[in-house]
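> Kindly return the folded structure for what I paste below:
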Amino acid sequence: MVKENYERILQALKPGVRLVAVSKYKPVSDIRSVYDWGQRIFGENKAQEMKAKHPELPSDIEWHFIGHLQSNKIKYIAPFVTLIHSIDSFALLQEVDKMAAKSQRVIPCLLQFHIAQEETKFGFLREEAERMLDSEAFADLKNVRIDGVMGMATFTNDRVQVRSEFVGLHKEFDYLKSRYFSGAEHFKEISMGMSEDYQIAMEEGSTLVRIGSSIFGPRDYSLKLEDLV
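From the prediction side, this is the model:
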């Protein structure tokens, strides 16, 4: 069923939308199967899990970190991560810059905005993002690059609410693009939409959809790290 699920989602993607196959709590063997069918972008939300899987899989995989990132875990993924979706504070971005410099890399990042009506979600408010982007300290960062925005909608069956939140994220993208990144071709990503709401997200301008369970099926959270590699 995994191949059928994967092909169904590929067929549903709108032009210009890329699929991040969310492989958290899925073993390397499952990832390799989807890789063999042509998928190259995989998303993980635990740094140590991503680090463990990375050497076991082909080198042309694009590893996207999509979960809440702790500063002390950046060192595990800094040498190879392709894109960090979940920058939710300036302190975190500064630490990514520091670890990227140690790895002699520039790491592309997305600014996570708080768009949901849930306190458990992370992310910037516009005023916080402005203060950061206007600061001299931000200008001093040399080893990170801001490529766009990310957001997570409220977990609800209210599709009108979800659509409104995605519309809001797109407005944040447009605002930042016009004020801070008007000449930056790399500032082009809007990461929004997961298994339950990616169709709405695509309609509202998503360029990256993060889909896991609709491809791989339910996750087994009892698995330990050594079971996954």
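> Please, which helix or strand holds residue 31?
In this assignment (DSSP states H and E), residue 31 forms part of helix 28-36.
> Quick one: list the elements packing against the helix or strand just after that helix.
The helix or strand immediately downstream of helix 28-36 is strand 41-44, counting by DSSP H and E. With contacts defined as 3 or more CB pairs under 8 Å, 6 or more residues apart in numbering; DSSP states H and E, the packing partners of strand 41-44 are strand 18-22, helix 28-36, strand 62-65. Placement of C-beta: from N, CA and C, glycine included.
> Can you mark which positions in the helix or strand bottoming out on mean pLDDT in the chain are buried?
The weakest-scoring helix or strand in the chain, judged by mean pLDDT, DSSP states H and E, is helix 225-228 (a mean of 92). Residues residue 228 are the ones in helix 225-228 that count as buried (16 or more other CB atoms under 10 Å).
> roughly how far is it from the heart of the chain?
Counting by CA atoms, centre = their mean, to the nearest Å, helix 225-228 is centred 23 Å from the centre of its parent chain.
> what does it contact?
Residues outside helix 225-228 that contact it (CB atoms under 8 Å, 6 or more residues apart in numbering): 25, 26, 27, 28, 48, 49, 52, 53.
> quick one: the helices in this protein?
2-12, 28-36, 47-53, 74-77, 90-102, 126-134, 136-139, 159-179, 198-203, 213-216, 225-228 (DSSP state H).
> circling back: ok, which of the helices and strands packed on strand 41-44 comes nearest residue 140?
strand 62-65 (23.2 Å; CB to CB).
> other SSEs contacting that closest one?
Strand 62-65 packs on strand 41-44, helix 47-53, strand 83-87, going by 3+ CB pairs under 8 Å, 6+ apart.
> Same list, these, but as CSV with mean neighbour count, mean pLDDT and distance to residue 142 please.
Below are the helices and strands packed on strand 62-65 laid out as CSV (neighbours: other CB atoms under 10 Å; pLDDT from 0 to 100; distance: least, CB to CB, whole Å):
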stretch, mean neighbour count, mean pLDDT, distance to residue 142
strand 41-44, 24, 98, 26
helix 47-53, 19, 97, 22
strand 83-87, 25, 98, 16
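> any chance of these in a markdown table, plus distance to residue 187?
As requested, those are exported to a markdown table (distance: least, CB to CB, whole Å):
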| stretch | distance to residue 187 |
| --- | --- |
| strand 41-44 | 19 |
| helix 47-53 | 25 |
| strand 83-87 | 13 |
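> Count the residues that sit near residue 160.
9 (other CB atoms under 10 Å).
> How much space separates the residue of the chain most remote from its centre from residue 226?
In the chain, the residue that sits farthest from the middle, by CA atoms, centre = their mean, is residue 136; the gap is 26.4 Å. Distance, residue 136 to residue 226, by CB to CB, to the nearest Å: 45 Å.
> again with residue 157
37 Å.
> can you pull the contacts of the residue lying closest to residue 145 once chain neighbours are set aside?
Here the nearest residue to residue 145 in space, its sequence neighbours aside, is residue 108; by CB to CB, 6 or more residues apart in numbering that works out to 5.0 Å. Residue 108 makes contacts with 82, 83, 84, 144, 145, 146, 147, 186, as judged by CB under 8 Å, 6+ apart.
> Repeat that for residue 28.
Contacts of residue 28 (CB under 8 Å, 6+ apart): 53, 56, 57, 228, 229.
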